[in-house]
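Asker: please find the sequence and the predicted model below.
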Amino acid sequence: MKMKTVRVLLAFLLLLSASPAHAENSNDTKEAQDLLQKGLTIYEIDREIERLNEQDKKISDQIQTTGIDMVKQDKNVQASRKHAGRVLRAYYSGDRDNIWLLLFTVRSFTDALHTFEYLNMIVQNDNRALKTFTASYTQLQKLKTQLEASRIELQKTKDNYLKQRVRLVDLQAELDKQLAVSVQGKVVEAQIKILNDEWKQKGLPLFRQFFEKLSIAFVDLPELFTKDAGKNLVFEGTKGAVFTLTDQNLNSFLQSKNELFNQLAFRFTEGKVLVSGKKDDADIQIKGNFLLIPGQDMNEVRFTVDQLVFNGFQLPDTTIASLQAEFGLGFFPKKSAKVEVTEVVNQEGKLVIRLKF
């Protein structure tokens, strides 16, 4: 209902601009649209700042916990080092060689067994001491690496926070200035709040729902390689093949995975993927690309998002980044189909994936 109010406002302004007597109102229409867009951007950047604050606290707590663990582990290393040092000194000085001479002093087979068990117990204890020291030292180094990584991540979070904070302050000052001199200022200010509430209550949950279901469905995409006896595969000798995925096949596949995709459609174009959907009075658009992401063990085909649009309003890069960080939109052909992907090309009406056996 609130979103309809925003649309009514914009439609009214468009109607005014259509009349020559009110030609100047076309500028008012664009101004209102721009102000609403700016208000939504500010809302999303503010939400990103809140997320960065939470991430900052989480990483800080993690650093503190890791620091405490390092102190404990350092004590374990010192204790195990002393024990391991005594063992190594004993072997180096020849003390451990002498204990084997006990075997030559036994007087019966039973004594020999007992002596051998005793000597074996000493050797096993020595091995445990050395292994304990090695494990303790390795764990300490691992904790140090984790701590350093956490500190680097914390610094990146703080830098990003400051960057977004400056961006927010500048945008807010710009918006306040424009609203102050606009004849529609009060009306648009009220509509900005309505739009932001609509995004918070309907838009964001809908995008999160779509992204979540896509992340689950994409994992199973490699099953299309062998579907219908591999009719979508063109073999290149015995070492590889080319898989062609049409947008129609992709949409059918997604709809078979979840009925939510009955309201969402992918369309492949030259070098770009367009996604559009509608649920109730919420329209969403996504622009992106399927890319090849090389990996150490296996390559990934990942859908990366370049643009998100909700009811005609574009979301900022912070929204895209947070959604992509939360939901992985990719698949690993080698993990399920046992083939490696070597090339991914977006073409008109289809996605071409080159595979290597």
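Answerer: Nice, I can see it.
Asker: what is the subsequent helix or strand relative to the least confident helix or strand in the chain by mean pLDDT?
Answerer: Taking mean pLDDT, DSSP states H and E as the measure, helix 2-17 is the helix or strand of the chain with the lowest mean score, a mean of 46. Per DSSP states H and E, the first helix or strand lying C-terminal to helix 2-17 is helix 25-93.
Asker: helices or strands up against that next one?
Answerer: helix 2-17, helix 109-181, helix 185-198, strand 313-314, helix 317-326 (3 or more Cβ pairs under 8 Å, 6 or more residues apart in numbering; DSSP states H and E). Heads up, the C-betas are built off the backbone N, CA and C, glycines and all.
Asker: rank those by mean pLDDT and give me the bottom one.
Answerer: Least confidently modelled of the helices and strands packed on helix 25-93 is helix 2-17, at a mean of 46 by mean pLDDT.
Asker: can you count the residues close to residue 196?
Answerer: Burial of residue 196 is recorded as 20 neighbouring residues (other Cβ atoms under 10 Å).
Asker: ugh, typo on my part, it should be residue 299
Answerer: Neighbours around residue 299, by other Cβ under 10 Å: 19.
Asker: let me see the contact set for it.
Answerer: 292-293, 332-334, 340-342 (Cβ atoms under 8 Å, 6 or more residues apart in numbering).
Asker: keep only those of those residues that are in strands.
Answerer: Taking DSSP state E, the ones among the contacts of residue 299 that sit in strands are 292-293, 340-342.
Asker: now those residues: which count as buried?
Answerer: Buried members of these, counted by 16 or more other Cβ atoms under 10 Å: 292, 340-341.
Asker: closest to residue 206 among those?
Answerer: When those are compared for distance to residue 206 (Cβ to Cβ), residue 292 wins out at 29.2 Å.
Asker: in the sheet, who's paired with the nearest residue to the closest one once chain neighbours are set aside?
Answerer: Once flanking residues are discounted, residue 292 sits nearest to residue 344: 4.4 Å by Cβ to Cβ, 6 or more residues apart in numbering. Residue 344 has these beta-bridge partners by DSSP bridges: residue 353.
Asker: and residue 273, that one's in a strand?
Answerer: Yes: assessed by DSSP: H, G, I helix; E, B strand; the rest coil, residue 273 belongs to a strand.
Asker: so what's it scoring on pLDDT?
Answerer: pLDDT, residue 273: 95.
Asker: excluding sequence neighbours, find me the nearest residue to it.
Answerer: residue 288 (5.2 Å).
Asker: could you list the buried residues of the helix or strand in which the one you found is found?
Answerer: Using DSSP H and E, residue 288 falls within strand 282-293. Neighbour counts over strand 282-293 (16+ other Cβ under 10 Å) mark 282-288, 290, 292 as buried.
Asker: what's the angle from the helix or strand that comes right after it to helix 317-326?
Answerer: Using DSSP H and E, the helix or strand that follows strand 282-293 towards the C-terminus is strand 300-310. If you take axes from the mean of the first three to the mean of the last three Cα atoms, to 10 degrees, strand 300-310 sits at 140 degrees to helix 317-326.
Asker: what strands line up against strand 300-310, and which way round?
Answerer: Going by DSSP bridges, the partners of strand 300-310 are strand 282-293 (antiparallel), strand 313-314 (antiparallel), strand 330-331 (antiparallel).
Asker: can you convert the contacts of residue 299 into TSV and add a column each for distance to residue 189 and pLDDT?
Answerer: Formatted as TSV, the contacts of residue 299 follow (distance: Cβ to Cβ, whole Å; pLDDT from 0 to 100):
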residue	distance to residue 189	pLDDT
292	46	95
293	43	94
332	48	91
333	51	88
334	53	87
340	55	89
341	50	91
342	54	93
